[in-house]
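Visitor: Have a look at this prediction, sequence included:
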Amino acid sequence: AVASLVPGRREEWVARAARAGTRVFGDTGWDETGRWDLAALPDLEHCEAFLPNAEEAMRYTRTSCPRAAARALAEKVPLAVVTLGAEGAYAVDGATGETAEVPAIEVAALDPTGAGDVFVAGFVTGTLAGWPLTDRLAFAGLTAALSVQEFGGSLSAPGWAEVAAWWKYVRECPDQDPEALRRYAFLCPLLPAPVRPWPLRRAVPTIGFRHPV
């Protein structure tokens with residue numbers, strides 16, 4: 001389950017779900033109170049992972065570096081994941097001390113709506129599949145990068161077909177960085193055979209307007 005943590009508000013379902021064995025991943029937004037107090041996020045104690053962006057993480061931990069913020073958060077939650085925008089993401093496993101960092105994929109962004117939610121969904125997918133921490137970060141960043149190339153929120157979230165088409169495309173592009181390709185090699189046994197070339201044409205959300213009578 002993914003819980004949106006709001007300062008000063010406790011959601012009873014989070015504690016019940018955690019007690020029943022649900023793995024809870026915590027996300028958050030801008031603290032409108034301006035306090036930036038981790039104690040004001042009571043449901044954080046029930047979360048397996050906390051995934052703020054860099055600015056949120058630094059404000060909550062009173063640090064000036066997102067990586068230092070991630071290390072500080074890992075003292076409060078088993079797994080801290082800080083998104084770094086164009087720099088990628090950084091994670092710290094509080095139990096083992098393992099760290100991982102994956103750079104972002106350069107894309108032509110059309111609409112960032114929902115990219116953070118897609119990142120969390122990608123990370124949850126990798127976690128439930130038991131992937132190594134670096135692979136989870138890479139997959140989350142990849143799915144978020146693919147989503148911003150489309151318009152809309154949930155409609156822009158990529159499926160396996162989009163990921164497969166992208167992976168086939170980048171492997172066939174000349175002058176690719178071999179190290180970058182190796183970072184995503186874990187996808188090979190997971191993806192279906194691509195049936196359409198990249199880029200795929202996606203449905204575009206439209207809004208109808210009534211003409212004044």
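Guide: Received the coordinates, thanks. If you're wondering where the values come from, they're calculated on a predicted model, not measured in any experiment.

Visitor: Ala95: what's its closest spatial neighbour, skipping adjacent residues?
Guide: Excluding its sequence neighbours, the residue lying closest to Ala95 (C-beta to C-beta, 6 or more residues apart in numbering) is Pro78, at 5.7 Å. For glycine as for every other residue, the C-beta is placed from the backbone atoms N, C-alpha and C.

Visitor: all strands of this structure, in order?
Guide: Per DSSP state E, the chain carries strands over the ranges 2-5, 25-28, 49-50, 79-83, 89-93, 99-102.

Visitor: What pairs with the third one, parallel or antiparallel?
Guide: Strand pairing for strand 49-50, determined by DSSP bridges: strand 25-28 (parallel), strand 79-83 (parallel).

Visitor: Next one: the nearest residue to Val77 once chain neighbours are set aside from Ala74, what distance?
Guide: Distances taken as C-beta to C-beta, 6+ apart put Phe50 closest to Val77, at 4.4 Å, once the chain neighbours are dropped. From Phe50 across to Ala74, the span is 9 Å (C-beta to C-beta, to the nearest Å).

Visitor: what about those two, which has more around it?
Guide: Phe50 (28 against 22; other C-beta atoms under 10 Å).

Visitor: Could you check the pLDDT of that one?
Guide: pLDDT for Phe50: 98.

Visitor: Just list the residues touching the closest residue in space to Ala193 that isn't next to it in sequence, thanks.
Guide: The shortest distance from Ala193 to any non-neighbouring residue, by C-beta to C-beta, 6+ apart, is to Ala164 (7.1 Å). Neighbouring residues of Ala164 by C-beta atoms under 8 Å, 6 or more residues apart in numbering: 191-194.

Visitor: Out of those residues, which comes closest to Ala144?
Guide: Nearest to Ala144 among the contacts of Ala164: Leu191, at 17.6 Å, using C-beta to C-beta.

Visitor: Leaving out the residues flanking it, which one is nearest to that closest one?
Guide: Nearest one to Leu191, counting by C-beta to C-beta, 6+ apart, is Ala164 at 4.1 Å.

Visitor: So the residue nearest to the spatial centre of the chain versus Thr83, what's the distance?
Guide: Among the residues of the chain, the one closest to the centroid is Phe119, at 2.1 Å (C-alpha atoms, centre = their mean). Distance of Phe119 to Thr83, given as C-beta to C-beta: 6 Å.

Visitor: so what sits against both of those two?
Guide: Contacts common to Phe119 and Thr83, judged by C-beta under 8 Å, 6+ apart, are 51, 89.

Visitor: Buried residues of stretch 137-155, list them for me.
Guide: Using 16 or more other C-beta atoms under 10 Å as the test for burial, stretch 137-155 gives 137-150, 152-153.

Visitor: One more: stretch 113-133?
Guide: Going by 16+ other C-beta under 10 Å, stretch 113-133 has these buried residues: 113-124, 126-127, 131, 133.

Visitor: likewise stretch 1-9?
Guide: Those would be 3, 5-7, for stretch 1-9 by 16+ other C-beta under 10 Å.
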